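A.B. asks: Return a 3D structure for these sequence lines:
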Amino acid sequence: MTPQGHRIETSRRSRQTRKSLSANALGRFSSEPVRVAPRLLLAGLDMYLKRKTINTKVSISGIGLHSGIYTQVELHPAHAGSGITFVRADLGLRIPALQASTTALDHATTVGRDDVSVGTVEHLLSALMAYGITDLDIHINGPEVPIIDGSALPFMHLIDAAGVRELAADIRVLRITEPIEVVDGNKSIRMTPSSRLVVKYKIDFAHPTIGKQALQFDFHNDSFLKKIAPARTFGFKHEVDKLRAAGLARGGSVENCIVLDDGGVMNGPLRFRDEFVRHKILDLVGDLALIGRPVVGEITAYKAGHALHSRFVEKILRAAEAEDGAPAVAARSLESFA
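C.D. replies: Below you'll find the predicted structure:
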């Protein structure tokens, strides 16, 4: 049991073959570097990665940020080509982790099917994208992924405990050829062509602790584990009553969210001075995972959020569908891609 009361479990085989997570594991950074994808493959103008899954079943449990419901998430290995799928174990329904499954974007990203949903998927999906996981069954016995500490770090450690393995198949990387942009008033997201994924994010909040923050994250050169995964979600004390009246933030607390009042952070210290913009990058990465395959490009976002992220993903998918041509030919190894 972790200090916050969240439980992580691995299968017996995993415990015998890998070092299990200790009670304090969620509070430490791993010394092992996390690679977004181990190797790029090139075929003509197309780019490929090896498909990946986990070695063994692992689970984690905790309270949902918005629902306030205690749930367990269990990650299961999946075969090549199956994709990432949420499985409502309590209802026996499978929900693909794809943009087409998106049902709600109010303060979190929710996917669903046939009036059954799974909420706050973005933190887990960002960790899966960081590890390059392409095929996985995510069993959950309730309506929302546990918030744990409000970051993606617990899910990074969970995947590390399971182990990651390559599958005998490749997946084509989504690589745009023309700029893509979505704008909503003074909010915007733009992507330009690139051979790697780079995110430049800017935020501007009328709060003295946040203010204007900007950060560039390069998946090729930077560590998601150290620079982005630990950044926690945040909220404002004066909004709590309104959110709860709308059925949100029922599981929120100072243990799983940075809470700000007019004077500053109520539950400091911060993990980073600019933890707020880092968490925005974390959210964007999780929302990009709903594309259903790896993506490269240089992304510039300003004051965006889940709703604009979703419109952006929709536009990327439409552009990719218009650009898709002949089937890819045999691939050859290019270079490491971190």
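A.B. asks: can you list the domain ranges for this structure.
C.D. replies: 7-173+328-333, 175-323 (automatic domain parsing).
A.B. asks: among those domains, where is the model least confident on average?
C.D. replies: Lowest mean pLDDT of the domains of the chain: domain 7-173+328-333, a mean of 83.
A.B. asks: which residues of the chain fall in helices?
C.D. replies: Applying DSSP state H to the chain gives helices spanning 12-17, 122-131, 153-162, 224-227, 240-245, 275-288, 306-323.
A.B. asks: Which of those sits closest to Phe86?
C.D. replies: Judged by CB to CB, the one of the helices of the chain that comes nearest to Phe86 is helix 122-131, at 9.4 Å. All C-beta spots, glycine's among them, are computed from the backbone N, C-alpha and C.
A.B. asks: From Ala127, how far out is Leu158?
C.D. replies: Using CB to CB, to the nearest Å, we find Leu158 at a distance of 8 Å from Ala127.
A.B. asks: My error: substitute Gly185 in the last question.
C.D. replies: 31 Å.
A.B. asks: quick one, which of those two is more surrounded?
C.D. replies: Between Gly185 and Ala127, counting by other CB atoms under 10 Å, Ala127 is the more crowded of the two (29 against 7).
A.B. asks: so what's that one closest to, chain neighbours aside?
C.D. replies: Nearest residue to Ala127, sequence neighbours excluded (CB to CB, 6 or more residues apart in numbering): Phe155, at 3.7 Å.
A.B. asks: count of neighbours near that neighbour?
C.D. replies: Neighbours of Phe155 (other CB under 10 Å): 27.
A.B. asks: Would you agree it is in contact with Ile60?
C.D. replies: Yes. With contacts counted by CB atoms under 8 Å, Phe155 reaches Ile60, the gap being 7.4 Å.
A.B. asks: what residues do these two have in common as contacts?
C.D. replies: Listed as contacting both Phe155 and Ile60 by CB atoms under 8 Å, 6 or more residues apart in numbering are Ile148.
A.B. asks: Next, the buried residues of stretch 234-249.
C.D. replies: In terms of neighbour count (16 or more other CB atoms under 10 Å), stretch 234-249 has its buried residues at 234-236, 243, 248-249.
A.B. asks: So which of these are in strands?
C.D. replies: Counting by DSSP state E, the buried residues of stretch 234-249 place 234-236 in strands.
A.B. asks: Let me know the closest of those to Ala322.
C.D. replies: Phe234 (37.3 Å).
A.B. asks: got the contact list for stretch 265-280?
C.D. replies: Contacts for stretch 265-280 (CB under 8 Å, 6+ apart): 151, 201-203, 205, 209-210, 213-215, 227-228, 230-234, 237, 254, 258-260, 301, 304-305.
A.B. asks: quick one: contacts for His309?
C.D. replies: 105, 109, 189, 283-284, 287-288.
A.B. asks: sorry, that was for Arg113
C.D. replies: Applying CB under 8 Å, 6+ apart, the residues contacting Arg113 are 93-95, 101.
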